[in-house]
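**Q** fold the following.
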Amino acid sequence: MKRDFEFTDGFPPSKPREVKGGIRARSRRGAFAQTWWARRWIAVLEGFELGGRLQRARSYARRGQVVSILIEKGRVDAVVQGSRPDPYLVKLEIRTLPAEEWRKLAATLNREARFAAQLLAGEMPADVEEAFRQSGLSLFPTQQSDLRTSCSCPDWSNPCKHIAAVYYLLGEEFDRDPFLIFRLRGLDRDELVLLLARAAATAPAPPERGRPPRRVPDPLPTEASAFWQGSELPADVLGEVEAPPVAAALLARLGTFPFWRGRQPLVEAITPVYHAASARALEVFLGETGR
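**A** Okay, here's the model as predicted:
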């Protein structure tokens with residue numbers, strides 16, 4: 001028979017009070033995070049060696065014991081219902097990066113065009129941490145002093161299971177919206193976009209490779225029918241045509257709903273359609289299809 005009671009160090013067994021409308025984790029078993037950046041966030045928590053508290057925290061997150069979460073620059077405020085009538089207040093504070101450090105990072109990111117393209121499309125580049133390191137920064141907390149946590153519960157351990165439950169839910173939310181990590185570090189999505197645009201505008205122009213040879217236009221046809229019907233266009237009139245580097249980029253820039261609990265995110269569901277449409281358009285353009 002399964003016991004529905006939990007033990008808190010130094011306190012008698014207690015059963016958390018049921019919460020209606022709490023934030024339930026999407027993960028019902030196994031790992032909480034899916035993307036590499038969310039896994040990195042969870043790894044910080046699990047690096048604290050909390051032992052059995054992690055299991056109880058996962059249970060809290062999956063039962064919906066977290067009533068609310070508010071994410072602001074440099075801090076997270078949450079309400080978690082425990083075994084007592086009054087819920088506990090949880091606070092996480094993370095060191096934000098000064099404006100000068102963000103400008104330095106934006107210049108580093110703009111050296112790689114794909115970084116800006118992926119970030120603007122709502123994706124986290126796989127090696128973005130390397131760009132942070134090149135700027136002498138870190139995207140995630142690297143030591144316990146970078147992250148200060150507190151809870152109004154009587155448990156002396158820090159982080160306690162209530163803090164850890166919030167941590168797990170944040171990891172799931174980072175899966176859906178990586179820009180929340182930047183917000184915690186002190187920069188909103190719109191501010192990051194503006195910073196990248198400014199860095200691109202002030203970046204030194206690439207060295208000139210020399211002007212292409214001047215192309216002399218063909219003379220006008222002398223026959224009236226050829227003049228009015230036109231002649232065949234050059235093969236390279238539209239330049240190089242290829243699929244966009246990031247699918248559904250404009251849709252991703254619209255952002256996402258906070259703590260969305262749909263079965264599948266819209267961008268994730270529609271991205272295969274964008275890939276298929278791009279491939280089909282290229283086939284038609286290049287004449288590789290009979291239809």
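**Q** quick one: low-confidence parts of the stretch 51-200 of the chain?
**A** Where the stretch 51-200 of the chain drops to pLDDT under 70, the residues are 122, 144.
**Q** now do the helices in it.
**A** Counting by DSSP state H, counting those that start in this stretch, the stretch 51-200 of the chain has these helices, from start to end: 52-63, 99-110, 113-120, 128-134, 161-176, 179-184, 189-202.
**Q** of all those, which lies closest to residue 30?
**A** With C-beta to C-beta as the criterion, residue 30 lies closest to helix 52-63 of those, at 9.8 Å. All C-beta spots, glycine's among them, are computed from the backbone N, C-alpha and C.
**Q** before we move on, back to that, save the helices of the stretch 51-200 of the chain as a markdown table, and put in distance to residue 76 and mean neighbour count too.
**A** Listed next are these as a markdown table, based on distance: least, C-beta to C-beta, whole Å; neighbours: other C-beta atoms under 10 Å:
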| stretch | distance to residue 76 | mean neighbour count |
| --- | --- | --- |
| helix 52-63 | 14 | 20 |
| helix 99-110 | 20 | 19 |
| helix 113-120 | 22 | 18 |
| helix 128-134 | 21 | 16 |
| helix 161-176 | 7 | 26 |
| helix 179-184 | 7 | 21 |
| helix 189-202 | 17 | 15 |
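**Q** dump these to JSON lines, plus distance to residue 222.
**A** Shown next, in JSON lines, are the helices of the stretch 51-200 of the chain (distance: least, C-beta to C-beta, whole Å):
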{"stretch": "helix 52-63", "distance to residue 222": "79"}
{"stretch": "helix 99-110", "distance to residue 222": "52"}
{"stretch": "helix 113-120", "distance to residue 222": "47"}
{"stretch": "helix 128-134", "distance to residue 222": "60"}
{"stretch": "helix 161-176", "distance to residue 222": "64"}
{"stretch": "helix 179-184", "distance to residue 222": "61"}
{"stretch": "helix 189-202", "distance to residue 222": "49"}
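**Q** right, so of those, which gets closest to residue 283?
**A** Per C-beta to C-beta, nearest to residue 283 of these: helix 113-120, 23.9 Å.
**Q** check the offset of the closest one from the chain's centre.
**A** Centroid separation between helix 113-120 and its chain, computed with C-alpha atoms, centre = their mean, to the nearest Å, is 12 Å.
**Q** residue 72 and residue 43, how far apart?
**A** 23 Å (C-beta to C-beta, to the nearest Å).
**Q** who has more neighbours, these two?
**A** residue 43 (12 against 9; other C-beta atoms under 10 Å).
**Q** could you report the distance from the spatially closest residue to residue 48 that is not a sequence neighbour to residue 57?
**A** Nearest non-adjacent residue to residue 48, counting by C-beta to C-beta, 6 or more residues apart in numbering: residue 159, 6.5 Å away. Distance of residue 159 to residue 57, computed by C-beta to C-beta: 8 Å.
**Q** quick one: which of the helices of the stretch 51-200 of the chain is nearest residue 35?
**A** Nearest to residue 35, of those and by C-beta to C-beta, is helix 161-176 at 5.1 Å.
**Q** the closest one - contacts with which helices or strands?
**A** helix 36-46, helix 52-63, strand 66-72, strand 75-80, strand 88-94, strand 147-151, helix 179-184 (3 or more C-beta pairs under 8 Å, 6 or more residues apart in numbering; DSSP states H and E).
**Q** how near is the residue lying closest to residue 193 once chain neighbours are set aside to residue 25?
**A** Nearest non-adjacent residue to residue 193, counting by C-beta to C-beta, 6+ apart: residue 120, 6.2 Å away. Here residue 120 is placed at a distance of 29 Å from residue 25 (C-beta to C-beta).
**Q** residue 250 now?
**A** Residue 250 sits at a distance of 30 Å from residue 25 (criterion: C-beta to C-beta).
**Q** looking at the two, which one has more neighbours?
**A** A direct count of neighbours by other C-beta under 10 Å for residue 250 and residue 25 places residue 25 higher, at 20 against 11.
**Q** which residues does the more buried one contact?
**A** By C-beta atoms under 8 Å, 6 or more residues apart in numbering, residue 25 lies in contact with 32, 58, 61, 62, 168, 169, 172.
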